[in-house]
Each structure stands twice: as C-alpha cells, then as structure tokens.
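J.: Okay, predicted coordinates and the sequence, questions at the end:
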Amino acid sequence: ARCEALEAEAEALRGERDELASRLACEEAARREEGQEAAASIAELKEINAQLCGHRNAKQKIQYLLKVKQDNEILRGERRKLESLLTSLLAAPPSGDGAASLRDRYARAEAALSR
C-alpha cells in the first residue's frame, strides 16, 4: 500500500514536472521571439538613424563627426584671432585720418598678433 502511494505521488510529481517543462518551453519560445523582434526593431532604428544622419557606414559617420569637430576648432581659433584683432584695433589710438589710418591700425594690430 505504501509503495502504491509513493508511486502515485511520483506520478503526480512527474506530471507537475512535465507541465512546468512545457510552460518553461513556451516562455522560452516567447522570449526568443521577443528577442528577435527587438533585434529587428534595433536594425530598423539604426537604418532610420543612418538615413537621418546621411551615413550608412558607422566608420564614415565617425570620420565625418571628427572632421566637423576639427573644423569647429579651426573656426573657433580664427574667431579668437579676429576678436583679438578687433580689440586691438578698437584700443589703438587713431593716427591720422580716414581709411589710411584704419589700414595702419589694422597692420599694426595684425603685426602685434603675429608675434
């Protein structure tokens, strides 16, 4: 009698195990499908991003952005130089009158910045 009870309990446990394994397999399949959908969505978003940025190749995009940054640095340097030149021109006392005076002041200020 005890053996039969243990066998019945073992059978019930096997049934639970099989049910859990089945549910686990279903959930695993669902997660795998979600992962594939997410990967497809990521690929689609990357494509849209590449189209918006004008580059499909990530290396090209990086090179482009580096060039833009370098150009910005060059322009900032030129702006600083021009601001200094303007400050020098505005600070220099006028010598003479008219356009010749302005040209002289410009030449002196530019020479001072070149040193």
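T.: Structure's in. What do you need? Numbering: from 1, shown residues only.
J.: roughly how far apart are residue 73 and residue 49?
T.: Noted for residue 73: a distance of 26 Å to residue 49, by Cβ to Cβ, to the nearest Å. All C-beta spots, glycine's among them, are computed from the backbone N, C-alpha and C.
J.: and what of residue 69?
T.: 19 Å.
J.: how near is residue 14 to residue 34?
T.: 30 Å.
J.: What is the burial count for residue 105?
T.: By other Cβ atoms under 10 Å, 19 other residues sit near residue 105.
J.: That should have said residue 109, apologies.
T.: Look at residue 109: counted by other Cβ under 10 Å, it has 19 neighbours.
J.: my guess is residue 53 contacts residue 60, does it?
T.: No. With contacts counted by Cβ atoms under 8 Å, residue 53 stays clear of residue 60, the gap being 9.6 Å.
J.: Compute the distance from the centre of the longest helix belonging to the chain to the centre of its chain.
T.: If you go by DSSP state H, the chain has its longest helix at helix 2-53. Taking Cα atoms, centre = their mean, to the nearest Å, one finds the center of helix 2-53 at 34 Å from the center of the full chain.
J.: I'd like the next helix or strand past it.
T.: helix 58-91 (DSSP states H and E).
J.: Mind giving me the packing neighbours of the following helix or strand past that following helix?
T.: Proceeding N to C from helix 58-91, the next assigned helix or strand is helix 98-114, under DSSP H and E. Other helices and strands packing on helix 98-114, by 3 or more Cβ pairs under 8 Å, 6 or more residues apart in numbering; DSSP states H and E, are helix 58-91.
J.: residue contacts, residue 79?
T.: With contacts defined as Cβ atoms under 8 Å, 6 or more residues apart in numbering, residue 79 is in contact with no residue.
J.: what distance separates the helix or strand of the chain with the lowest mean pLDDT from the middle of the whole chain?
T.: In the chain, the helix or strand scored least confidently by mean pLDDT, DSSP states H and E is helix 98-114, which has a mean of 71. Relative to its parent chain, helix 98-114 has a centroid offset of 45 Å by Cα atoms, centre = their mean.
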